[in-house]
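[1] Sequence and computational prediction follow.
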Amino acid sequence: METLLADRTQNMGISAIREILKVASQPGVISLAGGLPAAKAFPTSILQDLIERVFEKYGSLALQYDCTEGFAPLRQALAAHLSEKKGLCASQDDVLIATGSQGVLDALGKILISRGDRVAVEAPTYLGAIQAFNPYGPEYVSLETDGEGLIPESLEEAIDQGPLKLVYLVPTFQNPTGRTLSVARRAHLADIIQSHEILVVEDDPYSDLRYEGGSVPPLQLFVPEQVVYVGTLSKIFAPGLRIGYCLAPKKVRQWLILAKQGVDLHTGTLSQALAAEYLVGGYLEEHLPRILECYRPRRKAMLDALDAGLSDSFQWSRPEGGMFVWLEGPPDLEMDRVYEEAVKLGVAVVPGKYFFTDPDRGGNTLRLNFSMPDVLSIKHAVGILTGLLRQQVGNTKVTSSIRSSGNPYPHLVRDVISHHGADFKSYISDIVMSQPGVVRK
């Protein structure tokens, strides 16, 4: 059977996060691992009204095949929404509907990336984009970030090292860090993009989920002819309906349509019709504040619990919106071990290393999600996690101290301390120092 598979399947693998989410779904586990909307945030109370409106307005057309570009009323509604809420200049013809924003990312990979093409991504970046691009064999270029997001000079350095086929960014409430690129940095990036004629994919799934602060303009507004703007209704309507969309330069848009035709002909018409009525009927304006009021206290609970439980050995993002907090520990802290111990205590998290294209980076980081668990669960889970992190930092310090004294068995020390606690330092040190070949310094 293996001989039947295409070469590109060698670049396709099982998502580590999907495997983690299987563990997180077990009874008794509080999950800070996923990126799921809360069930409480779904507009279940208005769905019956929406369905009735759809069939009164569109009848059997809502169940029929439709054009690849998307259901015309939805494209028109999205064009108006993007113009009013984001300041983007878009007509119905500019909007393409996809089966989730992931469908756009896969189509972009299909039409743009050839094996060996250099694709620049933030470090860290959205894992789903890596999964979408991997089958087409890109060579990833990591763009450096800090507390304010992408560092523009890092893109300039990447350009100096060779041509880039495309740049993938999540500039607003980024997944996984929650960081947002400032207006000044967006303007700087736009200058770089324009001067080098680079194509940028701006993925914007979270910008509507703002809990404090003022909005920032999309990067697409600065250089519309060089940016593919990708959006979704999954976070503000319902992910199960699989409604994504994009605005793309005309030449790219034409190829995206052709690519989609070969995959699914078009996104489900009924889902699109429901989404159209959700927008034009004023339901989004009514429901979005409820979503924000659902997530705002959860975000606060997580940040307060981190503030209370961790020292300045750790740093974490303080996002003004989105769904995620990014946690960084001391450089030698192994978050894989933290994950394993946390699961034993009924808390699931995601080691941050999975969001880097360089496998040697991110070992001391975690992504934490606050949208899914309720406030009490967040307080409880973060309390457990911070206690574990404090313990692990103590263990790391002990292990490093013993290693520096000539211990050839650091793994023994680490495992025993992990099980019993850092109070065993002197006891373990005496045992290790008695081993043959150990020199006491």
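    Cool, got the structure. Given the structure is predicted, the values throughout are model-derived calculations rather than measurements. Residues are numbered from 1 along each chain as shown.
[2] Quick check: buried residues in the helix or strand Val104 falls within?
    Element membership for Val104, per DSSP states H and E: helix 101-112. Of the residues in helix 101-112, Ser101, Gln102, Gly103, Val104, Leu105, Asp106, Ala107, Leu108, Gly109, Lys110, Leu112 count as buried by neighbour count, 16 or more other C-beta atoms under 10 Å. No exception for glycine: its C-beta is placed from N, CA and C like everyone else's.
[3] Make sure the first one is actually in contact with Gly231.
    Yes: because the distance of 6.6 Å satisfies C-beta atoms under 8 Å, Ser101 is recorded as touching Gly231.
[4] hang on, the earlier thing: quick one: the buried residues of helix 101-112 as JSON lines, columns for pLDDT and distance to Tyr168 too.
    Output for the buried residues of helix 101-112, formatted as JSON lines (pLDDT from 0 to 100; distance: C-beta to C-beta, whole Å):
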{"residue": "Ser101", "pLDDT": "97", "distance to Tyr168": "12"}
{"residue": "Gln102", "pLDDT": "96", "distance to Tyr168": "13"}
{"residue": "Gly103", "pLDDT": "96", "distance to Tyr168": "15"}
{"residue": "Val104", "pLDDT": "98", "distance to Tyr168": "11"}
{"residue": "Leu105", "pLDDT": "98", "distance to Tyr168": "8"}
{"residue": "Asp106", "pLDDT": "97", "distance to Tyr168": "13"}
{"residue": "Ala107", "pLDDT": "98", "distance to Tyr168": "14"}
{"residue": "Leu108", "pLDDT": "98", "distance to Tyr168": "9"}
{"residue": "Gly109", "pLDDT": "98", "distance to Tyr168": "10"}
{"residue": "Lys110", "pLDDT": "97", "distance to Tyr168": "14"}
{"residue": "Leu112", "pLDDT": "98", "distance to Tyr168": "11"}
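[5] could these go into TSV alongside distance to Leu5?
    Below are the buried residues of helix 101-112 laid out as TSV (distance: C-beta to C-beta, whole Å):
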residue	distance to Leu5
Ser101	27
Gln102	22
Gly103	23
Val104	26
Leu105	22
Asp106	18
Ala107	22
Leu108	23
Gly109	18
Lys110	18
Leu112	23
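[6] hey, what's in contact with both of Ser101 and Gly231?
    Common neighbours of Ser101 and Gly231, counting by C-beta atoms under 8 Å, 6 or more residues apart in numbering, are Pro205, Gly244, Tyr245, Cys246.
[7] so which of these comes closest to Lys379?
    Pro205 (26.7 Å; C-beta to C-beta).
[8] OK, contacts around the closest one?
    Counting by C-beta under 8 Å, 6+ apart, the residues that Pro205 touches are Ser101, Val170, Asn175, Val230, Gly231, Thr232, Ser234, Lys235.
[9] Pick out the residue nearest the middle of this protein.
    Nearest to the geometric centre of the chain sits Asn175, at 2.7 Å (C-alpha atoms, centre = their mean).
[10] Look up how far Asp93 lies from the closest residue to Lys57 other than its chain neighbours.
    Distances taken as C-beta to C-beta, 6 or more residues apart in numbering place Glu277 nearest to Lys57, at 7.2 Å, with adjacent residues excluded. Glu277 is 21 Å from Asp93, where distance means C-beta to C-beta, to the nearest Å.
[11] Of these two, give the one with the bigger neighbour count.
    Glu277 (25 against 13; other C-beta atoms under 10 Å).
[12] Now do the contacts for the more buried one.
    Contact analysis of Glu277 by C-beta under 8 Å, 6+ apart lists Leu50, Arg53, Val54, Lys57, Tyr283.
[13] ok, of these, which come out buried?
    For the contacts of Glu277, buried by 16+ other C-beta under 10 Å: Leu50, Arg53, Val54, Tyr283.
[14] Take the residues you listed and keep only those in helices.
    Leu50, Arg53, Val54, Tyr283 (DSSP state H).
[15] Domain-wise, how is this protein divided?
    Taking automatic domain parsing as the domain assignment, the ranges for the chain are 2-40+289-430, 43-285.
[16] most neighbours per residue, which of the ones you listed?
    domain 43-285 (a mean of 19; mean count of other C-beta atoms under 10 Å).
[17] sorry, back to before: and of the contacts of Pro205, the nearest to Pro351?
    Asn175 (15.0 Å).
[18] helix/strand/coil for the closest one?
    The local conformation at Asn175, judged by DSSP: H, G, I helix; E, B strand; the rest coil, is coil.
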